[in-house]
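>>> Sequence and predicted structure, then a few things I'm wondering about:
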Amino acid sequence: MPWHSVVISNPARLTRAHSALAIEQEETATIPFEDIAIIVLNNRAISLTHPVLSACAEYGVGLFSTGDNYQPNGIFIPFLAHTRTTKVMRQQLALAKPVCKRCWTKIVKAKIANQARCLKFADISGDAFLETLLDKVRSGDPDNAEAQASAFYFRRLFGDNFSRALSQKTNAALNYGYAIFRGALARVLVVNG
């Protein structure tokens, strides 16, 4: 199972050396493609060859590019032709609305429970309030408990004046992490059909 996250922040040339990624800089480093989960290209002076892209697809590696603001702005993910892909897609499209709402409710509850755990782990008060919100989450979250929990959680973590809408370093770091996470999740979904 791949486990390396490779972040390249200096000028480099990426080539394929048999079944490994070769990162040519002042010295050349190689990493087997089978060990790589994601590669983040975080410098404008990085070049790569077609065999690198092909190997990324072959081994299920997610390849991220970043923009001028160093935030991920694109992802190359493998296109794997699983015979079950269409079958799974049809099953998902056929799900009844109540089932979808129940699934969303479970996701929201898990998110709020994890936020409560994080506050408790960081020894920051507020976990009890988040736990009370868990009981208020109804099917499909029509009362938007998820947004209430998130607003409370981020203010507890980063201070009362914090807002996810502000342009600041904390939000830039969170956005970067979320983009990598979304891409890694997309990679896993594609790899598994």
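Noted; the coordinates are in hand.

>>> so where's the longest helix in the chain?
Looking across the chain with DSSP state H, the single longest helix is helix 97-121.

>>> Flag every buried residue along that one.
For helix 97-121, burial by neighbour count (16 or more other C-beta atoms under 10 Å) applies to T105, V108, K109, K111, I112, A113, Q115, A116, L119. From N, CA and C alone the C-beta is placed, and that goes for glycine too.

>>> In the next helix or strand after it, which of the residues would be classed as buried?
As assigned by DSSP states H and E, the chain's next helix or strand after helix 97-121 is helix 127-134. For helix 127-134, the neighbour count (16+ other C-beta under 10 Å) marks D127, L130, E131, L133 as buried.

>>> among the residues you listed, which two are most distant?
Greatest spatial distance in the buried residues of helix 127-134: D127 and L133, 10.7 Å, computed using C-beta to C-beta.

>>> how about the helix-or-strand element of the chain with minimal mean pLDDT: buried residues?
Every helix and strand in the chain was compared by mean pLDDT, DSSP states H and E; the lowest is helix 84-93, with a mean of 73. By neighbour count with 16+ other C-beta under 10 Å, helix 84-93 contains no buried residues.

>>> could you pull out the strands for this protein?
Counting by DSSP state E, the chain has strands at residues 4-8, 12-17, 20-24, 28-32, 36-41, 46-48, 62-66, 72-76.

>>> what about the third one, average pLDDT?
Mean per-residue pLDDT for strand 20-24: 96.

>>> which of the residues in that strand are buried?
Quick answer for strand 20-24 (16+ other C-beta under 10 Å): A20, L21, A22, I23.

>>> How far off centre is stretch 26-44?
Relative to the centre of its chain, stretch 26-44 is centred 18 Å away, using C-alpha atoms, centre = their mean, to the nearest Å.

>>> Likewise for stretch 137-150?
Relative to its parent chain, stretch 137-150 has a centroid offset of 22 Å by C-alpha atoms, centre = their mean.

>>> For that stretch, give me every contacting residue.
98, 101-102, 104-105, 108-109, 111-112, 115, 130, 133, 136, 164 (C-beta atoms under 8 Å, 6 or more residues apart in numbering).

>>> same deal with stretch 114-126?
Contacts for stretch 114-126 (C-beta under 8 Å, 6+ apart): D127, A128, L130, E131, L134, A149, S150, F152, Y153, R156, L157.

>>> how much space between the fifth one and V6?
Separation of L134 from V6 (C-beta to C-beta, to the nearest Å) stands at 38 Å.

>>> Equivalent analysis for the fourth one, please.
Shown here: E131 relative to V6, a distance of 39 Å by C-beta to C-beta.

>>> for the third one, same thing?
For L130, the distance to V6 equals 35 Å [C-beta to C-beta].

>>> cool, the last one as well?
For L157, the distance to V6 equals 29 Å [C-beta to C-beta].

>>> Fine, thanks again, bye for now.
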